[in-house]
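1. Predicted model and sequence below, questions to follow.
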Amino acid sequence: MTKQSANIGVIGLAVMGSNLARNLASREGNVVAVYNRSPERTRQLIAEHGSEGDFVPSETIEEFVASLQPPRTAIIMVQAGKGTDAVIDQLAGLFEPGDIIVDGGNADFHDTIRREKAISAKGLNFVGAGISGGEEGALNGPSIMPGGSAEAYKTLGPILASIAAVAEGEPCVTHVGTDGAGHFVKMIHNGIEYADMQLIAEAFDLLRTVGGHEPAQIAEVFQAWNTGDLESYLIEITAEVLKQVDADTGKPFVDVVLDQAGQKGTGVWTVQNALDLGVPVGGIAAAVFARSVSSHPEQRRAVQRTAAARPTPVSPGENFEDAVRAALYASKVVAYAQGFDAIIAAAKEYNWDIDKGAVAKIWRAGCIIRAQFLNRIVEAYERNPDLETLLEDEYFARAVADGVDAWRRIVSVAALSGVPVPGFSAALSYYDSLSVERLPAALIQGQRDFFGAHTYKRIDKDGVFHTMWGAGRNEVRQDGH
Ligand SMILES: NC(=O)C1=CN([C@@H]2O[C@H](COP(=O)(O)OP(=O)(O)OC[C@H]3O[C@@H](n4cnc5c(N)ncnc54)[C@H](OP(=O)(O)O)[C@@H]3O)[C@@H](O)[C@H]2O)C=CC1
Ligand SMILES: O=C(CO)[C@H](O)[C@H](O)COP(=O)(O)O
């Protein structure tokens, strides 16, 4: 065994960890310690890729720790939850003050805050770092969202910058904020990812059901869209998926896959946390619920048996593809606006100094939502870092206004044709809710006051009021004036 020869270590050598270790080993100057609970994975990595760089494999965690140069830095890439806690406990028992434990998994940021507190009390550094890009990103350059202390980032930052994706000459990594900030931002990335995917799926459904196109034709539409303002990794891979033909049946691949979308939980976390923070993220929530609806086959079958006859799709009308594209773009803007709203609210709640423009920059490459579109968000926050919402920025306000007629038409066409568009319609209702001068919330206040004396405010004078609904219906002031 080479003693203390590695400048960085990776624990957990499944899909993400083994590729991240290979990425690290491919960078000049890195010597990478690698360890996995089951030694077969470590042996496989070395057998298949050992010649790609300087690896130091270990079959026990003690050996792994002994192979790291102080201050030791180890990136954990194991199953989120109990697996991560188990590995952190092992490392914390062997590391020395000043050493750095990095959790690169998809951790719940509350766990990261808890872990950071416990680990830093022992004099060790703990960094929760969101890593996005899937297995290909981990190997060739992911987008990395580290939290933790600024002190730990001084050591860790250059290592992460050396393996991150690069967008317009800048590495896709930034110190997002302290303790759980990195994992919070990664969670929001995934929430936006869910929304992006759902909106694309709705566009596909409309082009097929109302537009009458076959998957291969729709693939060409998406390829064309990928050269305009919708250019993104998700649009690009959608075209690839739609082109695929099933070898067994000769049918489009998309027609032989069971229509029940899976999820590992980060979308649900996004919505749960947004609710806790009081941030309306209806567009993202619609995407999470859409996956959930798809995965209730018994309920779907029950309603299929009893529902009214399915409507005949209405005529798509002129420029249908362009209208779908406009609806997709406007709905996407809403999803990103809601995601950034959640980041702003969390930064206030948890005292994180998050640079929104820097977050948008590190999402431009390496991650699943990578897109040119992120540059528009960078520019918006450069124009005004204190935007109430991205929707008020001059570029986004104009972009949405330009597409809003088409957006309304598409939501109407979908409703008349019986095509479910929870993402498009939730986003449009959100936009209308923000842009209409008066909301029916006044009636809800009246109802609350009626049944529960919950009081209300008036538009024409200060104070808190209650109407004596059961006794004369006089209005009385409730705030002591
Ligand atoms: N897959 C993806 O595309 C992405 C994944 N992530 C996150 O990265 C992390 C790693 O993901 P992935 O590579 O898919 O691997 P998995 O999430 O499938 O986790 C498998 C790894 O965890 C290890 N492990 C599980 N429990 C324990 C334990 N109690 N003690 C020690 N090791 C344990 C396994 O070791 P053993 O071999 O011994 O079972 C194996 O190395 C996860 O947190 C995931 O959420 C983030 C972005 C994308
Ligand atoms: O973190 C990721 C990318 O950034 C994963 O790809 C994501 O977790 C996939 O999520 P799900 O299985 O819930 O669709």
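-> That came through fine. Ligands and ions are numbered 1, 2, ... in the order given.
2. Could you check the pLDDT of whichever residue of the stretch 1-150 of the chain sits closest to ligand 2?
-> Nearest residue of the stretch 1-150 of the chain to ligand 2 (C-beta to the nearest ligand atom) works out as Ser132 at 3.5 Å. For every residue, glycine as well, the C-beta is placed using N, CA and C. On pLDDT, Ser132 comes in at 96.
3. Next one: it from Val334, what distance?
-> Going from Ser132 to Val334 by C-beta to C-beta, to the nearest Å gives 21 Å.
4. Pick out whichever of those two has more residues nearby.
-> Shown here are Ser132 and Val334; by other C-beta atoms under 10 Å, Val334 has more neighbours (30 against 25).
5. who's in contact with the nearest residue to the more buried one once chain neighbours are set aside?
-> Among residues not flanking Val334 along the chain, Ala427 sits closest, at 3.8 Å (C-beta to C-beta, 6 or more residues apart in numbering). Shown in contact with Ala427 (C-beta atoms under 8 Å, 6 or more residues apart in numbering): Leu199, Gly282, Gly283, Ala286, Ala330, Ser331, Val334, Ala335.
6. what helix or strand does the closest residue to the second one other than its chain neighbours sit in?
-> Translated: Gly282. Using C-beta to C-beta, 6+ apart and skipping residues adjacent in sequence, the residue nearest Gly282 is Ala426, 4.5 Å away. Assigned by DSSP states H and E, Ala426 belongs to helix 422-435.
7. List the buried residues of that helix.
-> Pro422, Gly423, Phe424, Ser425, Ala426, Ala427, Leu428, Tyr430, Tyr431 (16 or more other C-beta atoms under 10 Å).
8. again with stretch 389-404
-> Leu390, Leu391, Asp393, Phe396, Ala397, Ala399, Val400, Gly403, Val404.
9. ok, the last one - contacts?
-> The reference is to Val404. Going by C-beta under 8 Å, 6+ apart, the list of residues near Val404 reads Ala330, Tyr431.
10. element containing it?
-> helix 394-417.
11. how about the helices in the stretch 151-300 of the chain?
-> Under the criterion DSSP state H, counting those that start in this stretch, the stretch 151-300 of the chain contains helices at 181-209, 215-225, 233-243, 253-256, 266-277, 282-294, 297-306.
12. Kindly present those as a markdown table, with separate columns for distance to Ser18 and mean pLDDT.
-> Shown next, in a markdown table, are the helices of the stretch 151-300 of the chain (distance: least, C-beta to C-beta, whole Å; pLDDT from 0 to 100):
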| stretch | distance to Ser18 | mean pLDDT |
| --- | --- | --- |
| helix 181-209 | 20 | 98 |
| helix 215-225 | 32 | 98 |
| helix 233-243 | 22 | 98 |
| helix 253-256 | 27 | 98 |
| helix 266-277 | 22 | 98 |
| helix 282-294 | 28 | 98 |
| helix 297-306 | 35 | 98 |
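13. now for those helices, which one comes closest to Lys461?
-> helix 266-277 (31.5 Å; C-beta to C-beta).
14. The closest one and ligand 1 in contact?
-> No: applying C-beta under 6 Å from any ligand atom, one finds helix 266-277 separated from ligand 1 by no less than 8.1 Å.
15. follow-up on the earlier one: now the helix holding Ala426 and helix 181-209, what's the angle there?
-> 110 degrees (axes from the mean of the first three to the mean of the last three C-alpha atoms, to 10 degrees).
16. what comes up buried for stretch 94-111?
-> Quick answer for stretch 94-111 (16+ other C-beta under 10 Å): 95, 99-109, 111.
17. And for stretch 451-471?
-> Buried, per 16+ other C-beta under 10 Å, within stretch 451-471: Thr455, Tyr456, Phe465, His466, Thr467.
18. who's in contact with the first one?
-> For Thr455, the contact set (C-beta under 8 Å, 6+ apart) comprises Asp449, Val464, Phe465, His466, Gln478.
19. What score does it have for pLDDT?
-> For Thr455, the model assigns a pLDDT of 98.
20. ok so, going back, among the buried residues of stretch 94-111, name the ones in helices.
-> Among the buried residues of stretch 94-111, DSSP state H puts Phe109, Asp111 in helices.
21. What is the subsequent helix or strand relative to the longest helix seen in the chain?
-> Longest helix of the chain, by residue count under DSSP H: helix 320-350. Downstream of helix 320-350, the first helix or strand assigned by DSSP H and E is helix 356-362.
22. would you turn the contacts of Ala427 into JSON lines with distance to Glu63?
-> Shown next, in JSON lines, are the contacts of Ala427 (distance: C-beta to C-beta, whole Å):
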{"residue": "Leu199", "distance to Glu63": "48"}
{"residue": "Gly282", "distance to Glu63": "51"}
{"residue": "Gly283", "distance to Glu63": "49"}
{"residue": "Ala286", "distance to Glu63": "49"}
{"residue": "Ala330", "distance to Glu63": "55"}
{"residue": "Ser331", "distance to Glu63": "52"}
{"residue": "Val334", "distance to Glu63": "51"}
{"residue": "Ala335", "distance to Glu63": "46"}
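23. Pick the one among the residues you listed closest to Gly141.
-> Nearest to Gly141 among the contacts of Ala427 is Ala335, at 24.8 Å by C-beta to C-beta.
24. need the residues of the stretch 1-150 of the chain near ligand 2, please.
-> Asn106, Ser132, Gly134.
25. And the closest residue to the second one other than its chain neighbours, its phi and psi?
-> Sequence neighbours aside, Cys367 is the residue nearest to Ser132 in space, at 3.6 Å (criterion: C-beta to C-beta, 6+ apart). As for Cys367, its main-chain torsions (degrees, to the nearest 10) stand at phi -100, psi 170.
26. go on, the one 3 residues further on?
-> Backbone torsions for Arg370, taken as degrees, to the nearest 10, come to phi -60, psi 140.
27. if you skip the residues just before and after it, what's nearest to Arg376?
-> Tyr395 (5.7 Å).
28. before we move on, what about Ile119?
-> In space, Ile119 is closest to Phe126, 3.7 Å off (C-beta to C-beta, 6+ apart).
29. what about that neighbour, distance to Pro313?
-> Look at Phe126 and Pro313: by C-beta to C-beta, they are 54 Å apart.
30. Tell me which of the two has more neighbours.
-> Phe126 (27 against 18).
31. so what's the more buried one scoring on pLDDT?
-> 98.
32. Glu62 should be in a helix, yeah?
-> Yes: under DSSP: H, G, I helix; E, B strand; the rest coil, Glu62 sits within a helix.
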